[in-house]
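*Asks:* generate a structure from the sequence data that follows.
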Amino acid sequence: MPGFKTFTGTAAILDRENVDTDQIIPKQFLKRVERSGFGQYLFFDWRFNCDGTPNAEFELNQEDAEGAEVLIAGANFGCGSSREHAPWALKDYGFKVIIAPDFADIFYNNSLKNGILVITLPKPVIDQLKTSLENGNKKLTVSLDRQEISAGTKVAASFDFDPYWKEMLQNGWDEISITMQYDEEISQFENKMGVV
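*Replies:* Numbers count the residues shown, from 1 in each chain. All right, here's what the predicted structure looks like:
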């Protein structure tokens, strides 16, 4: 995975609470065995009408949300079942950052493990970000190094972040990458123990 340090991208607002993983990626699309290709099915039941045409009322189908890479969501985002397909779909669609008042724990951890920066902010701060976006500034800059979110030239929010996951995301590491850093020590141990 590429490392995450500072990123500027278009932000979209999904002003809904309790968005569960069944809405993020409906069950009928879970038959794929690879992690790619799920983006086209993201929020499928909301994005599309019954006849397959785009739902003009859905937030991500609005012109302002085109190409969005930052998602501002409501409370309890990612609740429901623990399917890892939900962050796969969000990442494949193009989202690199998700900001919400809180997240379901399993979804939060699955997102981090898949390289998505998930940021928890108090609702009043999120409301200020939304106001900034609604007033014409459609891009946000997210600095993981400084743990800040900027709208234009103004720092709009600071956020806390776990140091372990900060280092993981900054370096583009996953848990396998961490293990492979000890490849030499593992080989020495295996040789010592007679493991072939």
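*Asks:* could you list the buried residues of the longest strand seen in the chain?
*Replies:* Across the chain, the longest stretch assigned as strand under DSSP state E is strand 6-14. Of the residues in strand 6-14, 9-14 count as buried by neighbour count, 16 or more other Cβ atoms under 10 Å. No exception for glycine: its C-beta is placed from N, CA and C like everyone else's.
*Asks:* stretch 182-196 too?
*Replies:* Buried positions in stretch 182-196, judged by neighbour count with 16+ other Cβ under 10 Å: none.
*Asks:* how about it as PDB, C-alpha atoms only?
*Replies:* As requested, C-alpha coordinates have been extracted for stretch 182-196 and formatted as PDB (Å, rounded to 0.1, in the frame of the first residue of the first chain):
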ATOM      1  CA  TYR A 182      11.700  -9.700  10.800                       C
ATOM      2  CA  ASP A 183      12.400 -12.100   8.000                       C
ATOM      3  CA  GLU A 184      16.100 -12.600   8.800                       C
ATOM      4  CA  GLU A 185      15.400 -13.200  12.500                       C
ATOM      5  CA  ILE A 186      12.600 -15.700  11.600                       C
ATOM      6  CA  SER A 187      14.900 -17.600   9.200                       C
ATOM      7  CA  GLN A 188      17.600 -17.700  11.900                       C
ATOM      8  CA  PHE A 189      15.100 -19.100  14.400                       C
ATOM      9  CA  GLU A 190      13.800 -21.700  11.900                       C
ATOM     10  CA  ASN A 191      17.400 -22.800  11.200                       C
ATOM     11  CA  LYS A 192      18.100 -23.100  14.900                       C
ATOM     12  CA  MET A 193      14.900 -25.100  15.400                       C
ATOM     13  CA  GLY A 194      15.600 -27.300  12.400                       C
ATOM     14  CA  VAL A 195      12.500 -26.100  10.500                       C
ATOM     15  CA  VAL A 196      12.800 -26.800   6.800                       C
END
